[in-house]
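Q: quick one: sequence plus predicted model below, questions after.
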Amino acid sequence: MKVWLFPALACAFLMTTGAASTATEPFQGFQIPDYEPGLETESQVFQKAPSKLSKQSEQVPPESPGGQKEGQSSEESSRESSSVTTTIGILSTVFPFNTSAVEGGNQTYLRLINPESFSNEITVSVFSIDFADQFVLEGSCFISVPGKSAPQLGNEYFEDCIGWTPTSSQVVMFLQFDAGDYLYWQNVIWSPTTGYFGNLSTCREPTVSDQFIHSVHTSKISGYPSTLFGLIDVSEPYYVDVNIYDGGSGSLIGQYRSQLFSSNTVLLALEVATLEQFATWFIPFADRPLQINLEFDLVNQFGIQITQGRADLVSHYVQQTSRGETYNMLNVCSF
C-alpha cells in the first residue's frame with residue numbers, strides 16, 4: 001500500500017519528516033494569504049467516527065462501582081472500573097490472518113480501537129481451515145478493551161488464548177467477532193524481510209475518526225515515524241489541544257497545547273517525534289510506549305472550544321525510512 005503524495009502535500013510531508021527539519025514546534029502551519037473561511041455553521045470540528053448507534057437508543061455506560069484513586073480524575077476512575085458489552089448483530093471478519101506456522105513470514109495484527117472513556121468487551125472466534133476448505137472453530141477469546149486504548153494483537157495472542165498450536169499446514173486463521181456499538185478495528189501487516197507495513201483491513205463499513213487517532217508511532221519504533229495532517233477551516237485564531245494516551249492501556253500519559261495559529265492557517269502537519277519533545281508527560285519520558293493514541297480538540301485564544309467551522313484529520317502517514325515508502329494508516333472498520 002505505497003502512497004504517492006500530491007506535490008504540495010509531499011513538500012509539506014518532507015519538511016516535517018526530513019532529517020534536516022528545523023521545526024521548533026510540533027505543529028507546522030501552512031497559510032493561505034487573505035483566506036476567507038467557509039460558511040459552515042454547524043460543528044464539524046474534529047468529529048468522532050459516525051455513530052453506530054444511529055438506529056438504536058444510546059446506551060449509557062454503567063456507574064463506577066469502585067472508589068476513586070487518590071490523584072485520579074473521575075473520568076480516569078470510570079475508565080478503569082466500568083465496562084460494557086454490546087452487540088449489533090453484524091459480524092466482522094479478518095482473513096487471512098497468519099498463524100505462527102508461517103515461520104519468518106509476514107506478521108499480521110488485529111487492532112481493537114476504543115475511543116470511549118469506558119472499557120468494551122467482545123468475543124473473538126478463531127477458526128482454522130481444514131483440507132476441504134471448511135472453517136473449523138478452534139476456540140474463542142473474551143477480550144476487554146480499556147477506554148482510550150487500541151491494543152495490537154498478533155497470532156501468538158490468539159493461539160495462547162485458546163490453547164491452540166497450528167500444524168505446519170495451518171498457516172492462516174479466520175477471525176470473527178461482533179465489534180458492538182463502540183469499538184472499531186484495523187488489520188495490519190508487517191514484513192520482517194522487506195519492512196513493508198500496511199493496512200489490510202477489509203471492512204463491511206470503513207470509517208475515519210478525526211478526533212481520536214489510534215496506534216500512532218512514537219520514536220521508540222525505529223524507522224517508522226508517524227506524521228499527521230489536518231485541514232482547518234475556522235473563522236478565528238485557534239490552538240490545538242492534544243491528549244496523549246498509552247496505546248495499550250488507554251491511560252492518559254501526556255498533554256500538549258499548540259502555539260496560537262491565525263485563522264488563515266489551513267493545513268497543519270504534526271511530526272510525532274517532535275511532539276514528544278514538547279508534551280507535558282505524566283510518566284517518565286523514557287517509559288513512553290511504542291504506540292500512542294491522540295485525541296484532538298480545537299479552542300480559541302480564550303481557551304473556549306470552537307464549535308463552528310471544520311477541522312478534519314486527513315492523513316496518518318507512517319514512513320518506512322529504509323525504503324522511502326509511505327503508508328496511510330487512517331482508515332478503520334466499523335464492522
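A: Structure received. Numbering: from 1, shown residues only.

Q: pLDDT value on residue 295, please?
A: Listed pLDDT for residue 295 reads 96.

Q: and what of the one 4 residues further on?
A: At residue 299 the predicted local distance difference test score is 95.

Q: return the residues in contact with it.
A: Contact analysis of residue 299 by C-beta atoms under 8 Å, 6 or more residues apart in numbering lists 238, 239, 241, 305, 306. C-beta: built from backbone N, CA, C; applies to glycine.

Q: which one of these has the most neighbours?
A: The residue in those with the most neighbours, by other C-beta atoms under 10 Å, is residue 238 (25 neighbours).

Q: from residue 306, how far off is the residue lying closest to that residue once chain neighbours are set aside?
A: The spatial neighbour of residue 238 that comes closest, neighbours along the chain excluded (C-beta to C-beta, 6 or more residues apart in numbering), is residue 298 at 5.2 Å. As judged by C-beta to C-beta, to the nearest Å, residue 298 and residue 306 stand 5 Å apart.

Q: overlap in contacts of those two?
A: Common contacts of residue 298 and residue 306 (C-beta under 8 Å, 6+ apart): 45, 234, 238.

Q: so what strands line up beside the helix or strand harbouring residue 142?
A: Using DSSP states H and E, residue 142 sits in strand 135-145. Strand 135-145 has the following strand partners under DSSP bridges: strand 119-129 (antiparallel).

Q: hang on, the earlier thing: so what touches the helix or strand just after the strand holding residue 142?
A: Per DSSP H and E, strand 135-145 leads on to strand 152-154 as the next helix or strand towards the C-terminus. Contacts to strand 152-154, defined as C-beta under 8 Å, 6+ apart, come from residues 107, 108, 109, 110, 111, 112, 143, 188, 215, 247, 248, 291.

Q: quick one: residue 278 and residue 26 touch, right?
A: Yes - the pair residue 278 / residue 26 is scored as a contact, 5.2 Å apart, by C-beta atoms under 8 Å.

Q: what's the closest residue to residue 168 other than its chain neighbours sitting at in phi/psi?
A: Nearest residue to residue 168 in three dimensions, chain neighbours excluded: residue 101, at 5.6 Å (C-beta to C-beta, 6+ apart). Phi and psi for residue 101, reported as degrees, to the nearest 10, are phi -70, psi -10.

Q: wait, what's in contact with residue 101?
A: By C-beta under 8 Å, 6+ apart, residue 101 lies in contact with 166, 167, 168, 169, 170, 171.

Q: before we move on, the earlier item: between the contacts of strand 152-154, which is nearest residue 129?
A: Nearest to residue 129 among the contacts of strand 152-154 is residue 108, at 15.1 Å by C-beta to C-beta.

Q: was I right to think the closest one contacts residue 197?
A: No - contact criterion C-beta under 8 Å: residue 108 and residue 197 do not qualify, at 11.3 Å.

Q: could you pull out the strands for the stretch 51-200 of the chain?
A: Secondary structure of the stretch 51-200 of the chain (DSSP state E, counting those that start in this stretch): strands at 83-84, 92-98, 107-113, 119-129, 135-145, 152-154, 172-177, 184-190, 197-199.
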